[in-house]
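In: Based on what follows, work out the 3D shape:
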Amino acid sequence: MAEEAPATVFSQKHHLTTGGRSVEFVSLDAPGEMPVRQPSGLAEFDRALGGGIVPGSAILMGGDPGIGKSTLLLQTAANVARSGGEVVYVSGEEATGQVRMRASRLGLADAPIKLASETSVRDVLTTLGTMQAPKLLVIDSIQTMYSDSIEGAPGTVSQVRGCAFELIRYAKENGVALVLVGHVTKDGNIAGPRVLEHMVDVVMSFEGERSHQYRILRALKNRFGAVDEIGVFAMAQEGLEEVTNPSMLFLSGRDHPLAGSSVFPALEGTRPVLVEIQALIVKLQSGATPRRSVVGWDNSRLAMLLAVLESRCGLNFSSAEVYLNIAGGYRLSDPAADGAVAAALVSALADKALPAQSVWFGEISLAGEIRPVAHAGLRLREANKLGFSKGFGPADVKSGSSKLEYRGMGQLANLVDQVMASA
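Out: Numbers count the residues shown, from 1 in each chain. A predicted model of the protein is given here:
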């Protein structure tokens, strides 16, 4: 029998098996009411959230500076306020005059939003305690908030964690939907402690390039819905406009087939999005090291695909520079894009345009096989709806539409033969 350690003053003070209150346990099938989602007034925002804003939820939204986070949240707050919900918007980065100027420019000045410019969490929570709990509370941004009970400047790890904890606790206790705006680092990650992402219910990323008008709202974490849904917006003079058909946004300007250009039916959650993949092959005369430049796709994935094309199909890319671009600044992570990228590369190498109104997809293995992908029928139905008449992808796939001609391919060599035979 093991000998027990002698009791000390420290062990008696920090012994946690006594002195607390009893915790009440419930069963999984205990009756309870499901939360009723609050529509934000923006269908694309609701889609990314999984159907709307959940009362009592904490949402963390990150994005590059100037991408439109404050504009999106101001439009959302105005819609909720106009529908009769109480909305509090606290800006720690801008004065109230600046926010009012933006609201006037966006045509939202008449929205009954309670606006304040404040950085003290104690003052914010004290004020909220004297009024009826709002339906929506926006904090822009969490890195500017500070608590006088915590040492350190605003933005430090302890301040961000402590302020977020107090605000989330208020939201949970009062059924308030809380939205925290978060700064991002140069790598695109949300600044501050990683525990902040664990504390909230939803983590959203607002993505896009300043040189392009489109913006994508993507859920990275969602306790109330799927994490693979996206909302698509276009930046206009009057603010962010919803894009109900994003495929047309990424396929603009495709009047004539060009060599090195293919169309890929991507899938974001339940939404198919057709994007254009562009490839350029520049053959070198000298012995210089060829470049491999990729925009919107994984660089290592391109290197692997080039190796498979050379090893399994006998094509030579080693003496040429390879440039790959996803049109519109779109970022692809779907492995089904292998087939479209391979088609674009072979088309550029052979200087032959792919068949008109065709889409390409399929995951390619190191053995040169074209493997099946998820939701192939959904991808082809979207392509057919947008006027595409041909589809090329893995074998044993049903097109789901009699109007679309589908050709299945088992090996990458079959894809190369198909591209080379194109007129």
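In: Surely residue 108 is within a strand?
Out: No: Residue 108: not assigned to a strand; according to DSSP: H, G, I helix; E, B strand; the rest coil it is coil.
In: Tell me how many other residues surround it.
Out: If you count neighbours by other C-beta atoms under 10 Å, residue 108 ends up with 21. All C-beta spots, glycine's among them, are computed from the backbone N, C-alpha and C.
In: Excluding chain neighbours, give the residue nearest to it in space.
Out: residue 78 (4.1 Å; C-beta to C-beta, 6 or more residues apart in numbering).
In: ok now do residue 413, which residues does it touch?
Out: Shown in contact with residue 413 (C-beta atoms under 8 Å, 6 or more residues apart in numbering): 312-313, 368.
In: mind redoing it with 10 Å?
Out: Residue 413 makes contact with 309, 312-314, 368, 370 under the criterion C-beta atoms under 10 Å, 6 or more residues apart in numbering.
In: before we move on, back to that, check contacts around the residue nearest to residue 108.
Out: Residue 78 is in contact with 41, 87, 89, 103, 106-113, 239, counting by C-beta under 10 Å, 6+ apart.
In: cool, residue 336 as well?
Out: By C-beta under 10 Å, 6+ apart, the contact set of residue 336 is 264-267, 360-364, 371-376, 379, 393-394.
In: Recalculate using a threshold of 7 Å.
Out: The neighbours of residue 336, taking C-beta atoms under 7 Å, 6 or more residues apart in numbering as the test, are 361-363, 373.
In: One more: residue 161?
Out: By C-beta under 7 Å, 6+ apart, the neighbours of residue 161 are 193, 195-196.
In: how about 6 Å then?
Out: residue 193 (C-beta atoms under 6 Å, 6 or more residues apart in numbering).
In: Then residue 217?
Out: 48, 206, 231.
In: give me that answer again for 10 Å
Out: Residue 217 is in contact with 42, 44-45, 47-49, 61, 63, 68-69, 72, 204-208, 229-233, 240, counting by C-beta under 10 Å, 6+ apart.
In: Could I get the full set of helices for the stretch 301-423 of the chain?
Out: Listed in chain order, the helices of the stretch 301-423 of the chain (DSSP state H, counting those that start in this stretch) span 338-350, 376-385, 412-420.
In: Packed most tightly, which of these would that be?
Out: Mean neighbour count (mean count of other C-beta atoms under 10 Å) peaks for helix 338-350 among the helices of the stretch 301-423 of the chain, with a mean of 25.
In: average pLDDT across it?
Out: Averaged over helix 338-350, pLDDT sits at 95.
In: now stretch 234-246
Out: On average, stretch 234-246 scores 84.
In: next one: the helix ranked longest in the chain to chain centre, how far?
Out: Looking across the chain with DSSP state H, the single longest helix is helix 157-174. Centroid separation for helix 157-174 versus its chain: 24 Å, with C-alpha atoms, centre = their mean, to the nearest Å.
In: Repeat that for stretch 310-319.
Out: The answer for stretch 310-319 is 35 Å, by C-alpha atoms, centre = their mean.
In: what's in contact with it?
Out: 281, 283-288, 290, 292, 305-309, 342, 345-346, 349-350, 364-369, 411-417.
In: got the buried residues for that stretch?
Out: Neighbour counts over stretch 310-319 (16 or more other C-beta atoms under 10 Å) mark 312-313, 315, 317 as buried.
In: go on, stretch 215-235?
Out: Buried residues in stretch 215-235 (16+ other C-beta under 10 Å): 215-219, 222, 224-225, 227, 229-235.
In: ok, back up a step: tell me which element the residue nearest to residue 108 falls in.
Out: In this assignment (DSSP states H and E), residue 78 forms part of helix 69-82.
In: And the pLDDT at residue 225?
Out: pLDDT, read off for residue 225, is 86.
In: Report the secondary structure state of it.
Out: Following three-state DSSP, residue 225 is assigned to coil.
In: For the stretch 301-423 of the chain, give me the ranges with low pLDDT.
Out: Within the stretch 301-423 of the chain, the ranges that satisfy pLDDT under 70 run 399-402, 422-423.
In: In the stretch 201-350 of the chain, what residue spans correspond to strands?
Out: Remark: strands assigned in the stretch 201-350 of the chain by DSSP state E, counting those that start in this stretch are 202-207, 214-222, 230-236, 239-242, 261-268, 271-283, 292-295, 320-326.
In: Include distance to residue 333 when you put these into TSV, please.
Out: Formatted as TSV, these follow (distance: least, C-beta to C-beta, whole Å):
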stretch	distance to residue 333
strand 202-207	12
strand 214-222	11
strand 230-236	12
strand 239-242	23
strand 261-268	9
strand 271-283	12
strand 292-295	13
strand 320-326	11
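In: Check the ones you listed for me and report the most buried one.
Out: Mean neighbours per residue, mean count of other C-beta under 10 Å, is largest over the strands of the stretch 201-350 of the chain for strand 261-268, with a mean of 25.
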